[in-house]
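**Q** Structure for this input, please:
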Amino acid sequence: MNIYLRELKANGKSLFIWCIIMIAFVAASMGKYAASSHISGQSLNDIISKMPDAVKSMFGAGTFDLSKAIGFYGAMFIYVVLMAAIHASMIGANIISKEEDDKTAEFLMSKPVSRINVITSKLLASFTNIAIFNIVTLLSSLFLVNYYSKGENVTDDILKLMIGMFILQMIFMSIGIGLSALFKNSKLASPVTVGVMLVTYVLSLAIDIDSNLSGLKYFTPFKYFDAKSLIYGKGFEIIYIVLSILIISVFICVTYVFYKKRDLEI
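**A** As a prediction, the model looks like this:
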């Protein structure tokens, strides 16, 4: 039994729906940019600048040049990242726990495969799902933003955003699969993982609103690869790359260690 292919097939329909939703969102965002083109770019920027910080933070605006396609896309990118993080969290949390939820754990463990092989196959399947989702987002973003960019070179900026998003996806996938292996009650993994993701997202918004909270940026992965920094700032910072690798490594190790020892609910 090829567990990897089994997982890809099981998650195929869900992945297809997520990809369609992402393409539709990017298309709608750039369509909104085209619709706002009758307002001069400077006027639109002035309107946004007068909004309260909380509103600007929620809509990912205030720093980006909304007169340019890449600036408008950057302002909307927080929602692209949020959807990607939700998808990755659910993939990670459910890919192990569903065996117990669906009462298929006994069937799986009766096969001549070790738990190490089971985890490795499921991790590879999760990685593949995330990679496909990221590539679909990349291609749709490149096509649509370039279409509206009026000759601007946006490819490099979009590639940087997608690399950052992929690492963020890996962080939340690893947290999800780690908690799924750690918790005795498998049903807790998904809500806890999504809860952690939402708390860190809200924290990132709070940091944007109140600069006094900037010291907390290390506790929210959403600040590791912030669109403003990637497009207008320093780009990728080594401290955040190191933190990301550390988080991913720790939770994957947790997955292997605790899944080997846990008693499965049959």
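**Q** Check which helices and strands the helix or strand encompassing Asn117 sits against.
**A** Assigned by DSSP states H and E, Asn117 belongs to helix 115-148. Judged by 3 or more Cβ pairs under 8 Å, 6 or more residues apart in numbering; DSSP states H and E, helix 115-148 is in contact with helix 3-35, helix 69-101, helix 105-109, helix 155-182, helix 238-261. C-betas here are computed from N, CA, C, even on glycine.
**Q** could you list every residue that touches the closest residue in space to Cys19 that isn't next to it in sequence?
**A** Closest residue in space to Cys19, ignoring its immediate chain neighbours: Val136 at 4.4 Å, by Cβ to Cβ, 6 or more residues apart in numbering. By Cβ atoms under 8 Å, 6 or more residues apart in numbering, Val136 lies in contact with 19, 22-23.
**Q** Most neighbours among those, which one?
**A** Met22 (20 neighbours; other Cβ atoms under 10 Å).
**Q** how near is it to Thr137?
**A** To Thr137, Met22 is 5 Å away according to Cβ to Cβ, to the nearest Å.
**Q** overlap in contacts of those two?
**A** Listed as contacting both Met22 and Thr137 by Cβ under 8 Å, 6+ apart are 80, 84.
**Q** tell me the centre residue of the protein?
**A** Central residue of the chain (Cα atoms, centre = their mean): Ala85, 2.7 Å from the mean position.
**Q** mind showing which ranges of the stretch 151-266 of the chain have poor pLDDT?
**A** 262-266 (pLDDT under 70).
**Q** let's see 50
**A** For the stretch 151-266 of the chain, applying pLDDT under 50 flags no range at all.
**Q** Neighbours of Ile167, how many?
**A** Close neighbours of Ile167, defined as other Cβ under 10 Å, add up to 19.
**Q** list the contacts for it?
**A** Neighbouring residues of Ile167 by Cβ under 8 Å, 6+ apart: 224-225, 241, 244.
**Q** and if we set it to 7 Å?
**A** Residues near Ile167 by Cβ atoms under 7 Å, 6 or more residues apart in numbering: 225, 244.
**Q** For Ser97, see how far away it is.
**A** Ile167 is 24 Å from Ser97, by Cβ to Cβ.
**Q** and what of Val136?
**A** Val136 is 26 Å from Ser97, where distance means Cβ to Cβ.
**Q** I'd like the contacts of Val136 as TSV, with pLDDT and distance to Leu205 appended.
**A** Shown next, in TSV, are the contacts of Val136 (pLDDT from 0 to 100; distance: Cβ to Cβ, whole Å):
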residue	pLDDT	distance to Leu205
Cys19	97	26
Met22	97	21
Ile23	97	26
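**Q** Tell me the one among these nearest to Gly215.
**A** Closest approach between these and Gly215, by Cβ to Cβ: Met22, at 32.8 Å.
**Q** isn't that closest one right up against Leu139?
**A** No - applying Cβ atoms under 7 Å as the test, Met22 and Leu139 come out as separate, 10.5 Å apart.
**Q** what helix or strand does Lys184 sit in?
**A** Under the criterion DSSP H and E, no helix or strand holds Lys184.
**Q** all numbers from here: first residue = 553
**A** That works, and once the first residue is 553, the last one we named lands at Lys736.
**Q** Which of the residues in stretch 801-813 are classified as buried?
**A** Of the residues in stretch 801-813, 803-804, 806-807, 810-811 count as buried by neighbour count, 16 or more other Cβ atoms under 10 Å.
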